[in-house]
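1. Got a sequence here, can you build the structure:
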Amino acid sequence: MDKQQSLLLKKYVDLLYRWRVLLIVLLLIALPAGLVYYIITPKVYDASCLLSYQQQSVNPNKMAPDLTARIQDTVSTLSQIVTSRTNLEEMISRFDLYKEAREKLPIEDVIEIMRKNIDVQPSRRGDIFTITFSGGDPSTVVKVANDLAAKFIEENLKYREERAVETSSYTSNELEMAKMTMDRKEATMRDYKLKHYNEMPDQRQANLSRLTALQEQYQAVQVSILELERTRVLVQEQIALRKKALGVAGNGATVSSVTRHPSYEQLQKMRRNLELLLVTHTESHPEVKRVRKIIEKLEAEGADTPQRRVVAGRSAPLADKDLTQLQSQLDKINIDIETIELEKKQMSESIKKYEEWVAATPVREAEWSALTREYGQLKSHYDHLISQDLQAKSMLNLERRQKGSQFKIVDPARFPEKPTKPDFLKIMAVAVAGAMAAGVAVILAIDFLDGSFRDPEEAELFLGIPLLSTIEFVEIPTEKRKKLYLSGGVILVLLTGVVLVIGLFWYAWSRGKIVF
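-> Model (predicted):
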C-alpha cells in the first residue's frame, strides 16, 4: 500500500470517528422508525398442510391412471381445479375473506388475490406436496388451508372417477363399433367361402388328388371301351358264322325267343346312374338313396328277369342255345359300352370341373388372403379393445369403491405462532443499513465541501512542497470546560436515546408486537 492510499484510509477512518455522534443519532432514529414500520405493516401468517399421494393398493391392470399420468401432472391439474373461480368464490363467501377488498374491488380481482396467496409446492420425490395459504388472520388461515387440502382430496376422487367413466364409455363404444365391423367382415368371409368353397386354397390338394384319380380312371375307361369294342367285333363274327351253320327253318315252324322286361332298360339306366353318383358322392347322399330305392323297386318287379316268347310263323329259323348265348353276350357288351361311354362323358365333365377349380385357386387365394389380412387386423384390434374395456370397467369399479390412488393428509395445518411477513430481523437490518448509508453519505458530503487540511502530510501531498513546521492547537481552560460540558451533554442525550429505544423495543415485545 503506497503513502497516498494510506493517507486516504486514515482520512476516512478519522472522518467516521469524528462524526461518530451523527452515526449514533441516525442509528437511534432508524431503529424506532424500523420498529414503527414493522408494527404498522399488516402481518401475514402462513398455514401449511402436507399431503401425500398414496398409490392404490389394488392395481389390476395397466389402465390405471397411476401408470398413464404422472403425479406431478395430476397435482398440476387438480391445482387448477381447486383454484378455479367457482371454488375460490365459494370459500371467500364461506370464510368471509378479504372483506375490505370486496368492498373496493370486483370479485375477479379478489379471487386473483386469493389465488396468489395459495402456493402448491411439490417435493422432489413427486408423491408429497405442500399446500400453503397466506392471510392476516391466523385462525382463518388454518381453516382455509385445511379446507384446500380437503378440496384436493375431494376433487381428486371426482377427477379420477370422471376419467374412469370417460375411459369406460369410450372403450365400450369403440368395442361396439369394432364388433359390428367384425360381424360384417365375418359375414362377407362366410358368404365368400360358401360361394367358392371348392376353389379355396385349403381344397387345392384334395382337388388335385381327385383330379389325378379321375384322369387315371378316364384312361382306364378308354382302355375298357377299346377292349369291349374288340370283344364286340369277335362276338358279332361268331354270331354270323353260327347263323350260317344253322340255316333257316321251314314254314309253320315255331320258334321261341327270349324277350326283356319292359322296365329292363330303365333298370340298367338307374344302375349306371348309381355307379356314376358313387364316384363323387357317398351312400348317405340324398340322390344316391333315391336312385337306389328306384333300383330296388324295379328289381322287385322282375325288370332284370328275361321273358320267353313263342312265335308261330310260316317259316322261322331253328332255335339254338349257343346262338342265344352269343346274342345275350353281344347285348351285354353293347350295354356295357353305353354305360362306360356315359361314365366317360361324366368323368370328362368332372375333370373339366376340377381343372377349373384348381385353375381358380390362385385367384381365390389372393382374394382370400386380402380378406383374412384385413380380418386379422380387425381381430387384433377387437381383442385389444376387449382387454381395454375389461380393464376400464375394473378401474371404474375400483374408483367408485374409492380403492384407487388417493391424497392423504399427513400433517394438517396448525395455528401459526408467528407471522412470516414482515420479517422483524430483516426490517431492523435494513433500517440499520439505511442509517449507516445515510450517515456515510452525509459525512462524505461535508468532507467534500470542507476545504481545510487536518493532517500535515495531507497538506504536503496536496501542495507538493514540504512543510517547515506546524503549530499545535492549544485549548484554554474555558474552552476545555465548554468542550467537556458539551461532550457530557451529548453522551447524556445519547444514553437517554439508547434507553428510550431499548424501552420502546421492550414494550413492543412485551405487548406481543414483536415476534422473532
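2. for the strand or helix carrying Gln346, packing partners?
-> Secondary structure from DSSP states H and E places Gln346 in helix 321-400. For helix 321-400, the packing partners by 3 or more C-beta pairs under 8 Å, 6 or more residues apart in numbering; DSSP states H and E come out as helix 138-195, helix 204-246, helix 264-280. The C-beta positions use only the backbone N, C-alpha and C, and glycine is treated the same way.
3. the inter-axis angle of the last one versus helix 321-400?
-> Between helix 264-280 and helix 321-400, the angle formed by their directions is 40 degrees, by axes from the mean of the first three to the mean of the last three C-alpha atoms, to 10 degrees.
4. so for helix 264-280, what's the average pLDDT?
-> Helix 264-280 shows a mean pLDDT of 71 in the predicted model.
5. now the helices and strands packed on helix 321-400 as a markdown table including mean neighbour count and distance to Tyr12?
-> Shown next, in a markdown table, are the helices and strands packed on helix 321-400 (neighbours: other C-beta atoms under 10 Å; distance: least, C-beta to C-beta, whole Å):
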| stretch | mean neighbour count | distance to Tyr12 |
| --- | --- | --- |
| helix 138-195 | 16 | 48 |
| helix 204-246 | 14 | 111 |
| helix 264-280 | 17 | 127 |
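6. Ok, which of these comes nearest Lys421?
-> helix 138-195 (12.2 Å; C-beta to C-beta).
7. what about the closest one, distance to the chain center?
-> Per C-alpha atoms, centre = their mean, to the nearest Å, the displacement of helix 138-195 from the mean C-alpha position of its chain is 11 Å.
8. So what touches stretch 17-34?
-> 16, 427-428, 430-432, 434-436, 438-439, 442-443, 446, 490, 494, 497-498, 501, 504-505 (C-beta atoms under 8 Å, 6 or more residues apart in numbering).
9. before we move on, back to that, so in that sheet, which strands flank the helix or strand just after the helix holding Gln346, and in what orientation?
-> Following helix 321-400 in sequence order, the next helix or strand is strand 406-411 (DSSP H and E). Strand 406-411 has these partner strands in its sheet, going by DSSP bridges: strand 45-54 (antiparallel).
10. Just give me how far the helix or strand harbouring Leu484 sits from the chain centre.
-> Using DSSP H and E, Leu484 maps to helix 477-510. Distance, stretch centre to chain centre, for helix 477-510: 79 Å (C-alpha atoms, centre = their mean).
11. Please apply the same query to stretch 365-375.
-> 29 Å.
12. Any buried residues in the helix holding Leu484, and which?
-> Buried residues in helix 477-510, counted by 16 or more other C-beta atoms under 10 Å: 494, 497, 501, 505, 508.
13. Against which helices or strands is that helix packed?
-> Packing partners of helix 477-510 (3+ C-beta pairs under 8 Å, 6+ apart): helix 20-40.
14. Just want the angle from the helix it packs on to helix 477-510.
-> Helix 20-40 and helix 477-510 are oriented at 20 degrees to each other (the same axes, to 10 degrees).
15. Please save the CA atoms from helix 20-40 in PDB.
-> The C-alpha trace of helix 20-40 is given here as PDB (Å, rounded to 0.1, in the frame of the first residue of the first chain):
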ATOM      1  CA  ARG A  20     -19.500   9.100  15.300                       C
ATOM      2  CA  VAL A  21     -22.100  11.000  17.100                       C
ATOM      3  CA  LEU A  22     -24.000  11.600  13.900                       C
ATOM      4  CA  LEU A  23     -23.900   7.900  13.100                       C
ATOM      5  CA  ILE A  24     -25.200   7.000  16.500                       C
ATOM      6  CA  VAL A  25     -28.000   9.600  16.300                       C
ATOM      7  CA  LEU A  26     -29.100   8.300  12.900                       C
ATOM      8  CA  LEU A  27     -29.000   4.700  14.200                       C
ATOM      9  CA  LEU A  28     -31.200   5.800  17.200                       C
ATOM     10  CA  ILE A  29     -33.600   7.300  14.800                       C
ATOM     11  CA  ALA A  30     -33.600   4.400  12.300                       C
ATOM     12  CA  LEU A  31     -34.300   1.700  14.900                       C
ATOM     13  CA  PRO A  32     -37.600   3.200  16.200                       C
ATOM     14  CA  ALA A  33     -38.600   4.000  12.600                       C
ATOM     15  CA  GLY A  34     -38.000   0.400  11.600                       C
ATOM     16  CA  LEU A  35     -40.000  -0.800  14.700                       C
ATOM     17  CA  VAL A  36     -42.900   1.500  13.700                       C
ATOM     18  CA  TYR A  37     -42.800   0.200  10.200                       C
ATOM     19  CA  TYR A  38     -42.800  -3.300  11.500                       C
ATOM     20  CA  ILE A  39     -45.700  -2.700  13.800                       C
ATOM     21  CA  ILE A  40     -47.900  -0.800  11.300                       C
END
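16. what about it, average pLDDT?
-> When pLDDT is averaged along helix 20-40, the result is 90.
17. Buried residues of that helix, list them for me.
-> Within helix 20-40, the residues scored as buried using 16+ other C-beta under 10 Å are 22-28, 30-32, 34-35, 38.
18. any chance of those residues in a markdown table, with distance to Gln268 too?
-> Below are the buried residues of helix 20-40 laid out as a markdown table (distance: C-beta to C-beta, whole Å):
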| residue | distance to Gln268 |
| --- | --- |
| Leu22 | 150 |
| Leu23 | 147 |
| Ile24 | 149 |
| Val25 | 149 |
| Leu26 | 145 |
| Leu27 | 143 |
| Leu28 | 146 |
| Ala30 | 140 |
| Leu31 | 140 |
| Pro32 | 142 |
| Gly34 | 135 |
| Leu35 | 137 |
| Tyr38 | 132 |
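19. now for the residues you listed, which pair is the farthest apart?
-> Farthest-apart pair in the buried residues of helix 20-40 is Leu22 and Tyr38; separation 24.6 Å (C-beta to C-beta).
20. from the buried residues of helix 477-510, which single one is nearest Ser348?
-> Once C-beta to C-beta is applied, the member of these that ends up nearest Ser348 is Ala508, at 124.8 Å.
21. Is that closest one in contact with Phe424, as I believe?
-> No: using C-beta atoms under 8 Å as the test, Ala508 is too far from Phe424 to be in contact (9.8 Å).
22. and the next element down the chain from the helix or strand of the chain with the lowest mean pLDDT?
-> The weakest-scoring helix or strand in the chain, judged by mean pLDDT, DSSP states H and E, is helix 65-68 (a mean of 44). Sequence-wise, the next helix or strand downstream of helix 65-68 (DSSP H and E) is helix 71-82.
23. Save the helices and strands packed on helix 321-400 as JSON lines, and put in distance to Ile351 too.
-> Below are those laid out as JSON lines (distance: least, C-beta to C-beta, whole Å):
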{"stretch": "helix 138-195", "distance to Ile351": "22"}
{"stretch": "helix 204-246", "distance to Ile351": "5"}
{"stretch": "helix 264-280", "distance to Ile351": "12"}
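24. By mean pLDDT, show me the worst of the ones you listed.
-> Among the helices and strands packed on helix 321-400, helix 264-280 carries the lowest mean pLDDT, at a mean of 71.
25. For that one, name the packing helices and strands.
-> By 3+ C-beta pairs under 8 Å, 6+ apart, helix 264-280 packs against helix 286-300, helix 321-400.
26. which residues touch Val44?
-> Counting by C-beta under 8 Å, 6+ apart, Val44 makes contact with 134-136, 419-422.
27. which phi and psi does it have?
-> Per-residue torsions, Val44: phi -120, psi 120 (degrees, to the nearest 10).
28. Now do it against Lys151, distance only.
-> The gap separating Val44 from Lys151 is 22 Å, by C-beta to C-beta, to the nearest Å.
29. next one: Lys143
-> Distance, Lys143 to Lys151, using C-beta to C-beta: 12 Å.
30. repeat for Asp14
-> The value you get for Asp14 to Lys151, if C-beta to C-beta is used, is 66 Å.
31. ditto for Ile92
-> Taking C-beta to C-beta as the measure, Ile92 falls 13 Å from Lys151.
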